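1. please find the sequence and the predicted model below.
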Protein chains: 2
Amino acid sequence: MARTDAPTRREQILKEAARLFAERGFHGVGVDEIGAAVGISGPGLYRHFPGKDAMLAELLVGISGQLLTGARRRLAEADGDARPSAVLDSLIEGHIDFALDDRPLITLHDRELDRLRDSDRKLVRQLQRQYVELWVEVVREVYPALTEPTARSAVHSVFGLLNSTPHLGRAGTLPGRGATAALLHRMARGAFAAAGSA
Amino acid sequence: MARTDAPTRREQILKEAARLFAERGFHGVGVDEIGAAVGISGPGLYRHFPGKDAMLAELLVGISGQLLTGARRRLAEADGDARPSAVLDSLIEGHIDFALDDRPLITLHDRELDRLRDSDRKLVRQLQRQYVELWVEVVREVYPALTEPTARSAVHSVFGLLNSTPHLGRAGTLPGRGATAALLHRMARGAFAAAGSA
DNA sequence: CAGCGAGGTTAGCGGTCGTTAACCTGAAGG
DNA sequence: CCTTCAGGTTAACGACCGCTAACCTCGCTG
């Protein structure tokens, strides 16, 4: 399942661009810096992307798409299983994996959306909305007492909780990936449970 | 207690700058736009601030200071009261008030910190660290089972949860400020409780 | 009422940034 | 061996942006 072949230059560029955008903001990074980060310089990037905007667009569309696709897959896998609580656990697990493994992307995801061209922004927002609605449905199955607007607020808040990984210290001080994932999972479930006991 | 006198021009500028920085990022906003937002144009701002950086610095230092001061006040007020759980509730309430009333500032607070001069950034980080440590101590009194690193992670995660207010829809679709505050409060307590039951 | 400082204005400078143009190179293929 | 083309290079252009300079105009105040 894991990629073993070497990353293409295009993928290198996207990865470094994501890191730099997350660190200093889209407008705070020059194309020369992105080029330097992959060993080429400045305008060489234009052999791979039509412009700086296109890199950000591909990153954000990719993130939103991956999150949505992963969530749908998890929902389908658990289709026979009728326990909504297990499905919610699976969704949480998937989001945590993403938040822990791709911190720069998680950072970009809710920070640089407004820097996109209209059409790209609409696409990303649509993917995000579908992702949220998928969560809302599952959450409401687990906690039927929640109204839809309340469930949606709760989902956004739990996203805030899970996406706090970039603030959690530079991987050295952390109690290990497994323990952090478990902590976040427990807290997310606790937050939903508290929301559901209106 | 509430301010009734008209805001000074300086305060107007800070408020509009905060809104614009939050919307489009520090580098995405020009001084001409900030000026236009308060009815003067461009370089007129330099009668009130030595530069664009200084506006951001004052905003971020102000936020961090306010949060820390408020938390210390709440801690002092509850000094006689020995119930740590009540103190934690007070801290949560204060943070929620801030997150709901000053969304642009909350957004800036964890987004544009790296755009500051070294000295300002160190100051802000110091204030933030003291705020976090204050929370960590209170949380560990309520949930003694938590180790210090785990408690710190939990605090950061709950900040992520509470700071999700900018994603909660544009005030029209919300179930009202009181209900939202109550929901966030419940979820924060639920998240801490889940973290504490390791 | 003269003078002056607070708080504006517009013009413009210097630097940076995204992008394009023109050119180079080495490997693959007929 | 010649051609081609992917993937680079450097130079430079045009736009924008933060900031300064120079100037203006009130409302105070001695």
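-> Structure received. Residues are numbered from 1 along each chain as shown, chains lettered A, B, ... in the order given.
2. helix or strand right after the lowest-mean-pLDDT helix or strand in chain A?
-> Using mean pLDDT, DSSP states H and E, helix A:103-109 stands out as the lowest-scoring helix or strand of chain A, at a mean of 95. Once helix A:103-109 ends, the next helix or strand along the chain (criterion: DSSP states H and E) is helix A:118-142.
3. show me what the very next helix or strand once past that following helix is packed up against.
-> As assigned by DSSP H and E, the chain's next helix or strand after helix A:118-142 is helix A:148-162. In terms of contacts (3 or more CB pairs under 8 Å, 6 or more residues apart in numbering or on different chains; DSSP states H and E), helix A:148-162 is packed against helix A:84-101, helix A:118-142, helix A:177-196, helix B:148-162, helix B:177-196. Bear in mind the C-beta positions are built from the backbone N, C-alpha and C, glycine included.
4. just name the most buried of those.
-> Of all the helices and strands packed on helix A:148-162, helix B:148-162 has the most neighbours on average by mean count of other CB atoms under 10 Å in any protein chain shown, namely a mean of 23.
5. does A:Trp135 touch A:Leu68 like I think?
-> No. Applying CB atoms under 8 Å, one finds A:Trp135 not in contact with A:Leu68, separated by 10.6 Å.
6. figure out which of the helices and strands packed on helix A:148-162 is closest to DNA strand C.
-> helix A:118-142 (13.3 Å; CB to the nearest atom of the strand).
7. if I pick the residue lying closest to A:Arg72 once chain neighbours are set aside, what's in contact with it?
-> Excluding its sequence neighbours, the residue lying closest to A:Arg72 (CB to CB, 6 or more residues apart in numbering or on different chains) is A:Leu134, at 7.1 Å. By CB atoms under 8 Å, 6 or more residues apart in numbering or on different chains, the residues touching A:Leu134 are A:Leu68, A:Ala71, A:Arg72, A:Leu75, A:Leu91.
8. and the pLDDT for A:Leu134?
-> You'll see A:Leu134 listed with a pLDDT of 98.
9. just A:Ser197 next, same as before
-> Model confidence at A:Ser197, given as pLDDT, is 88.
10. what's the burial count for it?
-> A:Ser197 is flanked by 11 other residues according to other CB atoms under 10 Å in any protein chain shown.
11. tell me the residues of chain A that contact DNA strand C?
-> When proximity is defined by CB under 7 Å from any atom of the strand, chain A lies next to DNA strand C at A:His27, A:Val29, A:Gly30, A:Val31, A:Asp32, A:Gly42, A:Pro43, A:Tyr46, A:Pro50, A:Gly51, A:Lys52, A:Asp53.
12. among the residues you listed, find the lowest-pLDDT one for me.
-> A:Gly42 (91).
13. state which one residue of chain A is found closest to DNA strand D.
-> Nearest residue of chain A to DNA strand D (CB to the nearest atom of the strand) works out as A:Gly44 at 3.0 Å.
14. how much space between A:Arg73 and A:Asp79?
-> 11 Å (CB to CB, to the nearest Å).
15. that should have said A:Leu88, apologies.
-> A:Leu88 is 14 Å from A:Asp79, where distance means CB to CB.
16. what subset of the residues of chain A next to DNA strand C is buried?
-> A:His27, A:Val29, A:Val31, A:Lys52 (16 or more other CB atoms under 10 Å in any protein chain shown).
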